[in-house]
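Engineer: no sequence on this one, just coordinates:
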């Protein structure tokens with residue numbers, strides 16, 4: 001009887017390396033993840049949306065208005081992506097145009113006039129890069145917001161609830177306190193765009209995500225955000241109510257701290273916060 005052939009060892013499949021940064025990006029983009037409107041409905045009462053930049057149009061990628069947070073009147077500025085195809089088209093996938101940033105600033109100035117704290121919710125891939133947006137001054141609108149937000153004499157709290165893409169997010173994110181959901185990301189550029197520029201291959205986005213240091217843990221370590229907001233279960237989409245309550249806790253804490261400060265202290269606090277970002281040198285070195 002012939003001997004049975006000796007089995008040839010097969011190479012084992014290489015283990016897929018873990019990439020926590022890219023995993024967070026995917027969770028931030030989860031189709032059932034709570035959006036800005038979901039948080040507004042859960043956190044604020046008597047919310048009345050206000051519209052228009054008084055120059056060109058009403059940008060529906062920015063949802064903004066007055067409401068109450070517990071016993072305190074506030075102004076809410078939020079980036080909204082939309083849930084289904086019809087909403088996404090109407091909201092331009094959460095990518096604001098210049099009129100969106102101008103609307104946001106108009107309402108922030110209104111809040112400052114009446115002494116109302118400003119709360120912003122960030123969730124955008126980035127500012128809209130279309131020709132029409134550029135023609136109407138996209139870069140100028142964002143730059144203007146950066147300057148004017150630094151001067152607001154009221155508390156400003158910013159919360160990254162999903163994607164925090166580049167200047168599109170930063171245009172409403174110059175705050176005294178910057179909080180970030182556990183599975184959100186916040187970066188100067190999206191991983192795909194970074195990979196396309198640096199590696200000439202957008203498919204290397206996971207690699208770029210790790211290099212960019214875009215997670216809440218990374219940014220907290222770098223001193224760019226103040227606190228990480230924990231998410232329930234496998235992510236905010238598993239329990240939107242619990243996620244909203246986690247946001248409520250940090251908003252309550254932040255408002256209590258900031259409302260005890262004078263207008264001058266608020267402005268100085270914001271100025272010092274952003275002047276420290278990116279500084280890696282000490283005097284005398």
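Structural biologist: On my side now, so go ahead. Remember, it's a predicted structure, so these values are computed and weren't measured experimentally. Numbers count the residues shown, from 1 in each chain.
Engineer: quick one, helices of the stretch 1-150 of the chain?
Structural biologist: Assigned by DSSP state H, counting those that start in this stretch, the stretch 1-150 of the chain shows helices spanning 20-28, 36-43, 85-91, 98-114, 131-135, 138-149.
Engineer: Which pLDDT value goes with residue 3?
Structural biologist: The model reports residue 3 with a pLDDT of 58.
Engineer: I misspoke; the intended subject was residue 149.
Structural biologist: 97.
Engineer: Skipping its backbone neighbours, what lies nearest it in space?
Structural biologist: Among residues not flanking residue 149 along the chain, residue 174 sits closest, at 3.7 Å (Cβ to Cβ, 6 or more residues apart in numbering). Quick note: C-beta positions are derived from backbone N, CA and C, even for glycine.
Engineer: From residue 23, how far off is the one you found?
Structural biologist: 29 Å (Cβ to Cβ, to the nearest Å).
Engineer: buried set for stretch 59-69?
Structural biologist: 59-67, 69 (16 or more other Cβ atoms under 10 Å).
Engineer: Which of those residues fall in strands?
Structural biologist: Using DSSP state E, the subset of these located in strands is 62-67, 69.
Engineer: same for the lengthiest strand in the chain, what does it pack against?
Structural biologist: In the chain, with assignment by DSSP E, the single longest strand is strand 156-165. In terms of contact count using 3 or more Cβ pairs under 8 Å, 6 or more residues apart in numbering; DSSP states H and E, strand 156-165 is assigned the packing partners strand 118-124, strand 177-181, strand 185-187, helix 240-258.
Engineer: can I get the ones you listed in TSV with distance to residue 37?
Structural biologist: Conversion of the helices and strands packed on strand 156-165 to TSV gives the following (distance: least, Cβ to Cβ, whole Å):
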stretch	distance to residue 37
strand 118-124	9
strand 177-181	16
strand 185-187	20
helix 240-258	11
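Engineer: How far does stretch 257-266 stretch from one end to the other?
Structural biologist: 10 Å (Cα to Cα, to the nearest Å).
Engineer: which residues touch that stretch?
Structural biologist: Identification of contacts with stretch 257-266 by Cβ atoms under 8 Å, 6 or more residues apart in numbering yields 72, 117, 152-157, 176-177, 269.
Engineer: Likewise for stretch 135-149?
Structural biologist: Residues outside stretch 135-149 that contact it (Cβ under 8 Å, 6+ apart): 56, 97-99, 101-102, 104-105, 108-109, 127-129, 156, 167-168, 170-172, 174-175, 270.
Engineer: Show the buried residues in those residues.
Structural biologist: Buried, going by 16+ other Cβ under 10 Å: 97-99, 101-102, 104-105, 108, 127-128, 156, 167-168, 170-172, 174-175, 270, out of the contacts of stretch 135-149.
Engineer: hmm, back to that, just give me the closest of the ones in strands among the buried residues of stretch 59-69 to residue 228.
Structural biologist: In terms of Cβ to Cβ, no member of those lies closer to residue 228 than residue 69, at 20.6 Å.
Engineer: bridging residues for the closest one?
Structural biologist: Listed by DSSP bridges, the beta-bridge partners for residue 69 are residue 72.
Engineer: List the contacts of it.
Structural biologist: With the criterion set at Cβ under 8 Å, 6+ apart, residue 69 makes contact with 43-44, 119, 251-252, 255.
Engineer: Try it again at 7 Å.
Structural biologist: Residues near residue 69 by Cβ atoms under 7 Å, 6 or more residues apart in numbering: 43-44, 251.
Engineer: Save the residues you listed as CSV, and put in neighbour count, pLDDT and distance to residue 237 too.
Structural biologist: Output for the contacts of residue 69, formatted as CSV (neighbours: other Cβ atoms under 10 Å; pLDDT from 0 to 100; distance: Cβ to Cβ, whole Å):
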residue, neighbour count, pLDDT, distance to residue 237
43, 22, 98, 17
44, 20, 98, 21
251, 23, 98, 21
